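1. One predicted model, sequence on top.
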Amino acid sequence: MRILNEDNDKKIDCVSIFLTRDEAIQMIGFLKDLMNNPKNHHAHLSSGDYQKEITLCLYDLQDIESFHPRAKKLILKDE
């Protein structure tokens, strides 16, 4: 598991996420889609007002070439 604070480009180790029921249902759907279609390696879960966003990424250490350099560094080095 890797967590990146995109506001300050720093990795973090602990996060609390508070979702509405509808947001949780949408997240489950996105995760199922990522598991069934791993080439779609990410999905964006947005709040109703589009002011907040969670990017969900599915990665395999053997296949990270499609990720951008910052994501690769986070995945490989956890930094």
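-> In hand now; what should we look at?

2. Can you list the neighbours in contact with the helix or strand that contains Ala43?
-> Using DSSP states H and E, Ala43 sits in strand 42-46. Here strand 42-46 makes contact (C-beta atoms under 8 Å, 6 or more residues apart in numbering) with 23, 26-27, 30-31, 33-34, 52-58. All C-beta spots, glycine's among them, are computed from the backbone N, C-alpha and C.

3. what do you get for stretch 50-58?
-> Contacts for stretch 50-58 (C-beta under 8 Å, 6+ apart): 6, 17, 27, 30-31, 34-35, 38, 41-47, 67, 71.

4. If we use 7 Å, what do you get?
-> If you take C-beta atoms under 7 Å, 6 or more residues apart in numbering as the criterion, stretch 50-58 is touched by Ile17, Phe30, Leu31, Leu34, Pro38, His41, His42, Ala43, His44, Leu45, Ser46.

5. Could you do stretch 2-13 as well?
-> Val15, Leu74, Ile75, Asp78, Glu79.

6. What is the lowest-pLDDT residue among the contacts of stretch 50-58?
-> Across the contacts of stretch 50-58, the bottom pLDDT score, 80, is held by Pro38.
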